[in-house]
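1. Attaching a predicted model along with its sequence, questions to come.
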Amino acid sequence: MVDKTYDVVGIGNAIVDIISRCDEGFLSKHDLAKGSMRLIDADEANRLYAAMGPAVERSGGSVANAIAGLASFGAKCGFIGRVAVWVRDRAGNVATKKLTVVVDSSEELGEATLVRGARGADVVALQERLKTARVYRGKPTGVFDAKTYKALRKYQRKRKIAPTGVAGPRTLRAMIGRIVINLGQFKLRLIREGRVVKTYEIAIGQSAYPTPTGRYAVIEKKKDPAWFPPNSPWAKGLGPIPPGPGNPLGTRWIGTSAPAIGMHGTYADYSVGTAASHGCLRMHIPDVEELYEQVSVGMPVIIRA
């Protein structure tokens, strides 16, 4: 938080802990991510309370409430506090965990659930996606206001998602899309809303180091990455290479859940369109820089032969 400027930063306890039994169907129906936390507005709270069974409330402090209220009026806020998470299984066993959290509204789209009052680059990206879907008009403001809330509910209704006005996991998955890679065609396609947004030419793994096929996900993103030799015979004796010309990763790295496999730029531009890598997916540097801004951590990556 030291690199950012806030109107108000609050330090205190969490808002309220609600303990209630529910199943996977309840979570899916209400677009709730298991193991996550988010702030909700009064309307959504009422809907959830009406749908859930008996619950126990544990009171918290007022600081988080004040911060949420200020954020809803457009203030740039941060919150630091202790959160207690309670979980009860069907046998009646209760597990608790306490942790310190820092809440900030400026995240990359897809990394956090967004509600009214949120501010930042993630909200700008949300508004841009809503604008592309033709449910939001005007210039993105970076503030999740009433206009954004209304547009998001319209977007959700059109896609048969519960119109909560909250950008939760299901909504974000629909907006962010997926990457589909066809190794035989040396092509990477960015797909969103069932439509190919952009197609990029790539280099794939050599026959001795084939790129794996399967379903993966983006797990990290790095600008101007350093290269570190992997634990592989071909890299034996090699040392780290700092960012800059000559770095095998170029200017961007998009890592996937496939071990040591990712999408990255290359200064060996001539190799794109061939089987030249040690398993990774090389791209022209301008292409990977463009793609980098379009993907988010958690985005599905499908690699086909």
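-> Great, that's in hand.
2. in the stretch 51-200 of the chain, which segments are predicted with low confidence?
-> Low-confidence segments of the stretch 51-200 of the chain (pLDDT under 70): 54-62, 68-69, 71-76, 81-107.
3. so where do the strands sit in this protein?
-> 8-13, 16-20, 55-59, 77-88, 94-104, 178-182, 187-192, 195-205, 214-223, 252-256, 262-265, 275-277, 281-283, 300-304 (DSSP state E).
4. count of neighbours near the residue nearest to A276 when sequence neighbours are not counted?
-> Excluding the flanking residues, the one nearest A276 by CB to CB, 6 or more residues apart in numbering is A203, at 4.8 Å. C-betas here are computed from N, CA, C, even on glycine. Number of residues near A203 (other CB atoms under 10 Å) recorded here: 23.
5. which residues does A203 contact?
-> 186, 266, 271-277, 281-283 (CB atoms under 8 Å, 6 or more residues apart in numbering).
6. How confident was the prediction at it?
-> Looking at A203, its pLDDT reads 97.
7. Might one say that G250 is in contact with D269?
-> No. Using CB atoms under 8 Å, G250 is not in contact with D269, being 9.6 Å away.
8. Looking at those two now, which is surrounded by more residues?
-> In this view G250 and D269 are compared by other CB under 10 Å, and G250 has more residues nearby, 23 against 14.
9. Between which two of the contacts of A203 is the distance greatest?
-> A275 and M283 (14.5 Å; CB to CB).
10. neighbour count winner among the two?
-> M283 (26 against 16).
11. what residues are up against K34?
-> 24, 27.
12. quick one: pLDDT of it?
-> K34 is given a pLDDT of 77.
13. Spatially nearest residue to the spatially most central residue of the chain, not counting backbone neighbours?
-> The residue lying closest to the centre of the chain (CA atoms, centre = their mean) is G110, at 2.5 Å. Spatially, and ignoring its direct neighbours in sequence, G110 is nearest to S296 (3.3 Å; CB to CB, 6+ apart).
14. And the one you found, how far from I261?
-> 18 Å (CB to CB, to the nearest Å).
15. Would you check that G239 makes contact with A226?
-> No. Counting by CB under 8 Å, G239 stays clear of A226, with 10.8 Å between them.
16. more crowded one of these two?
-> Comparing G239 with A226 by other CB under 10 Å, the one with more neighbours is A226, at 13 against 8.
17. what's near enough to touch the more buried one?
-> Per CB under 8 Å, 6+ apart, neighbours of A226: 240-243, 247.
18. Run a quick neighbour tally on the residue lying closest to it once chain neighbours are set aside.
-> Of all residues not flanking A226 in the chain, P242 sits nearest, at 5.4 Å (CB to CB, 6+ apart). Look at P242: counted by other CB under 10 Å, it has 10 neighbours.
19. Got the phi and psi for P242?
-> phi -70, psi 170 (degrees, to the nearest 10).
20. I'd like to know how far it sits from D269.
-> When P242 is compared with D269 (using CB to CB), they lie 20 Å apart.
21. any idea how far the nearest residue to A146 once chain neighbours are set aside is from K236?
-> For A146, ignoring the flanking residues on the chain, the nearest one in space by CB to CB, 6+ apart is R116 at 7.4 Å. Using CB to CB, one gets 55 Å for the distance from R116 to K236.
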